[in-house]
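> Sequence first, then the predicted structure, then my questions.
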Amino acid sequence: MRTGLPLTADDLALTRFAVSPMWEVVAACRALAADPVPVPHRRWAAQVRPRLAAAGLDRGWLAELVPPHGHLPDFLNPVPDRPVTDLAAELAAIRATGPALLRHDLDCLYADRGGRDGRSGRDGRDGRSSGDGRSSRDGRSGPRLRALEREPEQALRRITAEIEAFWQLALAPYWSRIGAVLEADVLRRARRAAERGSAAVLGELHGTVRWADGTLHLSERHCAVTRIPTGAGLLLVPSVFAWPRLLTRTVAPDPPQLCYPALGAATVWEHRPAPRAEALAPVLGRTRTRLLAELDVPASTTELAARCGVTAPAASQHLTALRTAGLVSSHRAGRFVLYARTAVADGWLAALP
């Protein structure tokens, strides 16, 4: 399927980049729901799936709202209000979702569950339905969708609470690496735009995207977009988890959003062997140095204690000291607490001979 998005001079002038935690949440959920999980994300999926299952998040709101195929709810991706937005701002925007957008998303999701054939700007379906769309609102849709329709405010609060828990378990411990890749992508493409113009950058976003004759052409069915009023601009959002696809959102009067695979996305999950960190031992102590070296993959206190041959209370004490020094971050979701190295600690270890 080929679709086109004509862009005016005003649209090009208003084209901007943004880093969005919620786009990573949605794309990560889709990656986890895929069978099989895309190759670059399998190492990450193997780490986070047991945590999500233990917390019940593998069968919650996100599992029902973000299927492996079909419509992705537009209300989950509000327009970022700054170049690097934060999750709290996006969750507040989700809780404030208006009834018209929510009704549209529910119609699309119900239509997908009912097996209707359609197309959309989110991933190949818009769930176009006749009448009020209720003909497919039967047992094939999950109870959470019906709860979202009956009690939207309460449901949106539950959804955002689950998103926050998912974030803490699946993304926050890795965000130092993810964020670095996303921001580097934006810097490289912004430099490219300064050298050759916005049109050149648009043509290099993804293999399914082509810029010609003032129109952005998208050549795959899951990339369909619709034209919205002139002058709305265009929002480009890099993503680690979108690979290998391009995801889109078009909701008037918001600018269209294209979520594309970031350059270097696969490097986030590359195994990084523990460095020879002995040089830090006289400064930090041998146990704390070993803990830092073991945190190539985020882990719990119990896991780290077993790897380092110390008791859990001793590991907790050392991790607290490392966190106070800004070398380790902690991420809590329910009874889970995961520790991860910070960018400062990564820099220290990378600089060792």
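Nice, thanks for sending it over.

> Let me know the pLDDT of the closest residue to H217 other than its chain neighbours.
Nearest non-adjacent residue to H217, counting by Cβ to Cβ, 6 or more residues apart in numbering: R210, 4.5 Å away. Yep, even glycine has a C-beta here, placed from its N, CA and C like the rest. For R210, the pLDDT comes out at 74.

> just H331 next, same as before
87.

> Give me the neighbour count for it.
By other Cβ atoms under 10 Å, 19 other residues sit near H331.

> circling back to that earlier point, any idea how far the residue nearest to H217 lies from L216?
Look at R210 and L216: by Cβ to Cβ, to the nearest Å, they are 8 Å apart.

> A55 too?
A55 is 40 Å from L216, by Cβ to Cβ.

> Which one of the two is surrounded by more residues?
Shown here are A55 and L216; by other Cβ under 10 Å, L216 has more neighbours (22 against 19).

> Give the closest residue to W167 in space, chain neighbours not counted.
W167's closest residue in space is L87 (Cβ to Cβ, 6+ apart), at 5.9 Å.

> okay, the one you found: pLDDT?
pLDDT, read off for L87, is 96.

> Wait, it touches P21, no?
Yes: look at L87 against P21 with Cβ atoms under 8 Å: they come within range, at 4.2 Å.

> tell me, what's touching those two both at once?
W167 (Cβ atoms under 8 Å, 6 or more residues apart in numbering).

> Settle it for me: which of these two has more neighbours?
P21 (24 against 20).

> Just the C-alpha atoms of the one helix or strand A111 maps to, please, in PDB.
Using DSSP states H and E, A111 falls within helix 99-113. The C-alpha trace of helix 99-113 is given here as PDB (Å, rounded to 0.1, in the frame of the first residue of the first chain):
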ATOM      1  CA  PRO A  99     -13.900  11.900  25.000                       C
ATOM      2  CA  ALA A 100     -13.800  12.200  21.200                       C
ATOM      3  CA  LEU A 101     -10.200  10.800  20.800                       C
ATOM      4  CA  LEU A 102     -11.000   8.000  23.300                       C
ATOM      5  CA  ARG A 103     -14.200   7.100  21.500                       C
ATOM      6  CA  HIS A 104     -12.300   7.000  18.200                       C
ATOM      7  CA  ASP A 105      -9.600   4.700  19.700                       C
ATOM      8  CA  LEU A 106     -12.200   2.400  21.200                       C
ATOM      9  CA  ASP A 107     -14.100   2.100  17.900                       C
ATOM     10  CA  CYS A 108     -10.800   1.200  16.200                       C
ATOM     11  CA  LEU A 109      -9.900  -1.400  18.900                       C
ATOM     12  CA  TYR A 110     -13.400  -2.900  18.900                       C
ATOM     13  CA  ALA A 111     -13.300  -3.200  15.100                       C
ATOM     14  CA  ASP A 112      -9.900  -4.900  15.200                       C
ATOM     15  CA  ARG A 113     -11.300  -7.400  17.700                       C
END
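
> Tell me which other helices or strands it touches.
helix 143-150 (3 or more Cβ pairs under 8 Å, 6 or more residues apart in numbering; DSSP states H and E).

> tell me which residues of the next helix or strand after the helix it packs on are tucked away?
Once the chain leaves helix 143-150, the next helix or strand it forms, by DSSP H and E, is helix 152-166. Across helix 152-166, burial judged by 16 or more other Cβ atoms under 10 Å covers 152, 155-156, 159-160, 162-166.

> with the residues you listed in mind, which one is nearest to T302?
Among the buried residues of helix 152-166, A165 lies closest to T302 (Cβ to Cβ), at 19.5 Å.

> Quick check: the closest one vs L91, distance?
Counting by Cβ to Cβ, the gap from A165 to L91 is 12 Å.

> try A312
The gap separating A312 from L91 is 32 Å, by Cβ to Cβ.

> These two: which is more packed in?
Under the neighbour definition other Cβ under 10 Å, A312 and L91 were set side by side, and L91 has more, 22 against 14.

> Relative to S239, how far out is the more buried one?
18 Å.

> Then S300?
27 Å.

> Which one's more surrounded, these two?
More neighbours surround S239 than the other of S300 and S239, with 25 against 17 (other Cβ under 10 Å).

> hang on, that one packs against W23?
Yes: counting by Cβ under 8 Å, W23 is a contact partner of S239 at 5.5 Å.

> what do these two both touch?
Counting by Cβ under 8 Å, 6+ apart, the residues touching both S239 and W23 are 247, 259.

> can you pull out the helices in the stretch 201-350 of the chain?
281-284, 286-294, 301-308, 312-324, 343-350 (DSSP state H, counting those that start in this stretch).

> and of the ones you listed, who's closest to V39?
Each of the helices of the stretch 201-350 of the chain has some distance to V39 by Cβ to Cβ; the shortest is helix 343-350, at 24.3 Å.

> who are the neighbours of that closest one, in terms of helices and strands?
helix 175-196, helix 286-294.

> burial count for T85?
The burial count for T85: 19, using other Cβ under 10 Å.

> How about the one 4 residues further on?
Other residues within reach of A89, judged by other Cβ under 10 Å, total 15.

> who's in contact with stretch 31-49?
28, 52, 58, 63, 66-68, 169-170, 174, 241, 243-244, 265-266, 268-269, 271, 297-298.

> Is it possible to mark the buried ones in these?
28, 52, 58, 63, 66-67, 169-170, 174, 241, 243, 265-266, 268-269, 297-298.

> Look up the pLDDT of the closest residue to T311 other than its chain neighbours for me, please.
Leaving aside its sequence neighbours, T311 sits nearest to A305 (Cβ to Cβ, 6+ apart; 6.1 Å). For A305, the pLDDT comes out at 88.

> Much appreciated, bye for now.
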